[in-house]
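Colleague: Here is my input, please return the structure:
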Amino acid sequence: MIISYHGKAFIKVQQGDLTAAFNPPSKDSKVKAVRFGADLAMISLNHEDFNGAEMVSYANKTPFVIDGPGEYEIGGNFVLGVPSAGPGGLINTIYTFTIDNIHFCHLGALTETGLEGLKEEIGEVDVLCVPIGDNDTLKAKDAFKLANSLEPFIIIPILVGNNGENLTTFLKEAGAGDVMPIEKLTLKRKDLDGKEGEVVVLKQT
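Modeller: Predicted structure coming up:
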């Protein structure tokens, strides 16, 4: 699995021939979106910064689009979408899916903290993408508390904002000190052994 970050809540996950995109900005967004072809696009929020599935329809690929809660199976990959509160009263969808035996969860543009029972609903989480303040999402302190409760092996902060303050606060809460950003995260199941809530900061590319 190869994970890369393209700003806001836009995450790209690749495994073999499969490319999945989470929350690409639309052409109406002020955020400049990276374009590539995806097989699967998951949209957490009906907002221009998150709902640009058309931006990952490229070359010979047109994605299967999931834009709300439910259970889905695409090419043998199971996706679960769980409703939650998003900015401005919008419904935010939390997505989980398993690929290469790694359980991946993207919290989208989550704003609510009272999510007791979420772990039971979404199941095991190995890699977690958590918003930390941009677009009126979870504050950094609350974001770490929620992330920690889900007990992932790896935590990837998203929606970090532009001034660095959110990320600094999040890393302080996590006791992570200075974490050097990396271009992409390449994982196999065995790479998770011995990790416990490790924070990985991805460069916005």
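Colleague: contacts and neighbour counts: CA atoms only from here.
Modeller: Fine.
Colleague: any idea how far residue 111 is from residue 89?
Modeller: 9 Å (C-alpha to C-alpha, to the nearest Å).
Colleague: I'd like the distance between residue 180 and residue 156.
Modeller: Taking C-alpha to C-alpha, one finds residue 180 at 13 Å from residue 156.
Colleague: Pull up the overlap in contacts between these two.
Modeller: Shared contacts of residue 180 and residue 156, defined by C-alpha atoms under 8 Å, 6 or more residues apart in numbering, comprise residue 201.
Colleague: Looking at these two, which is more packed in?
Modeller: Taking neighbours as other C-alpha atoms under 10 Å, residue 180 and residue 156 compare with residue 156 leading, 21 against 9.
Colleague: And the more buried one, which helix or strand is it part of?
Modeller: Residue 156 is part of strand 154-158 when elements are defined by DSSP states H and E.
Colleague: same thing with residue 179?
Modeller: Counting by DSSP H and E, residue 179 is part of no helix or strand.
Colleague: Of residue 111 and residue 89, which one has the most company?
Modeller: Taking other C-alpha under 10 Å, residue 111 and residue 89 do not tie; residue 111 has more neighbours (25 against 8).
Colleague: isn't that one right up against residue 85?
Modeller: Yes - between residue 111 and residue 85 there is a contact under C-alpha atoms under 8 Å: 5.8 Å.
Colleague: C-terminal to the helix or strand of the chain with the lowest mean pLDDT, what's the next element?
Modeller: When the helices and strands of the chain are compared on mean pLDDT, DSSP states H and E, helix 118-122 comes out lowest with a mean of 90. Scanning forward in sequence from helix 118-122 by DSSP H and E, the next helix or strand is strand 127-131.
Colleague: which helices and strands does that next one pack with?
Modeller: strand 102-106, helix 140-149, strand 154-158 (3 or more C-alpha pairs under 8 Å, 6 or more residues apart in numbering; DSSP states H and E).
Colleague: now the angle from the second one to strand 127-131?
Modeller: If I follow you right, that is helix 140-149. What separates the directions of helix 140-149 and strand 127-131 is an angle of 160 degrees, with axes from the mean of the first three to the mean of the last three C-alpha atoms, to 10 degrees.
Colleague: Name the residues of helix 140-149 that are buried.
Modeller: For helix 140-149, the buried set under the neighbour-count rule, 16 or more other C-alpha atoms under 10 Å, comprises 140, 141, 142, 143, 144, 146, 147, 148.
Colleague: Find the nearest non-adjacent residue to the third one, please.
Modeller: Right, residue 142. Spatial nearest neighbour of residue 142, chain neighbours left out: residue 113 (6.7 Å); criterion: C-alpha to C-alpha, 6 or more residues apart in numbering.
Colleague: name the element that neighbour belongs to?
Modeller: Applying DSSP H and E, one finds residue 113 in no helix or strand.
Colleague: Now it. Its backbone dihedrals?
Modeller: Phi and psi for residue 113, reported as degrees, to the nearest 10, are phi -110, psi -20.
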